[in-house]
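Asks: Give the three-dimensional model of this entry:
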Amino acid sequence: MIRFFFKIIVLFVSNLAALAAIAYFIEGFKIVPNAFEFLTVAAIFTLINFFIRPIIKLIFSPIIIITLGLGIVLVNAATLYILDFFSGGVSIEGLISLFYASLAITVIHFLVHFITKKI
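Replies: Numbers count the residues shown, from 1 in each chain. Below is the predicted model of the structure:
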């Protein structure tokens, strides 16, 4: 049970940092500068990653297998698109910014998974 809560907290903090970095570095990806709204967006993104992302990975599993794992970028793009759809605090303008944001999410999730796997 403690591992479950630890995983959720780590995912929330990594999503918070990833969204902050993406909003700062990627043009066309905007988050409302209100702190409460930013925490709400990070919480929604964590819930999407925790509950909806496994279903999306199952749907895209043939593409993930054929591309030797690079299809995860499409999964992350889908989760960011769902976040943009459900949250009013996020605005993603164009496919290029969505692609760069999904690449950044992919790298950050990989690093967090690699670091926390040993804990």
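
Asks: could you say which helix or strand contains the residue most central in space within the chain?
Replies: Compute the mean C-alpha point of the chain, and by Cα atoms, centre = their mean the closest residue is residue 105, 5.2 Å away. For residue 105, the host element (DSSP states H and E) is helix 95-116.

Asks: helices and strands around that helix, which ones?
Replies: Under the contact criterion of 3 or more Cβ pairs under 8 Å, 6 or more residues apart in numbering; DSSP states H and E, helix 95-116 touches helix 2-25, strand 29-31, helix 72-86. (Each C-beta comes from the backbone N, C-alpha and C, glycine too.)

Asks: Quick one: closest of these to residue 112.
Replies: helix 2-25 (4.3 Å; Cβ to Cβ).

Asks: List the buried residues for the closest one?
Replies: Within helix 2-25, the residues scored as buried using 16 or more other Cβ atoms under 10 Å are 10, 11, 12, 14, 15, 16, 18, 19, 22, 23.

Asks: Model confidence score at the closest residue to the first one other than its chain neighbours, please.
Replies: Nearest non-adjacent residue to residue 10, counting by Cβ to Cβ, 6 or more residues apart in numbering: residue 116, 5.5 Å away. The score at residue 116 is 85. That number is its pLDDT.

Asks: wouldn't residue 116 be in contact with residue 9 here?
Replies: No: counting by Cβ atoms under 8 Å, residue 116 does not reach residue 9; the two are 10.5 Å apart.

Asks: Just the element for residue 70, please.
Replies: Judged by DSSP H and E, residue 70 forms part of no helix or strand.

Asks: again but with residue 68, I slipped
Replies: Using DSSP H and E, residue 68 maps to neither a helix nor a strand.

Asks: number of nearby residues for the residue lying closest to residue 12 once chain neighbours are set aside?
Replies: The shortest distance from residue 12 to any non-neighbouring residue, by Cβ to Cβ, 6+ apart, is to residue 46 (4.6 Å). Residue 46 has 19 neighbours, counted by other Cβ atoms under 10 Å.

Asks: Ok, the one 10 residues further on next?
Replies: Close neighbours of residue 56, defined as other Cβ under 10 Å, add up to 18.

Asks: swap in residue 87?
Replies: Residue 87: 19 neighbours (other Cβ under 10 Å).
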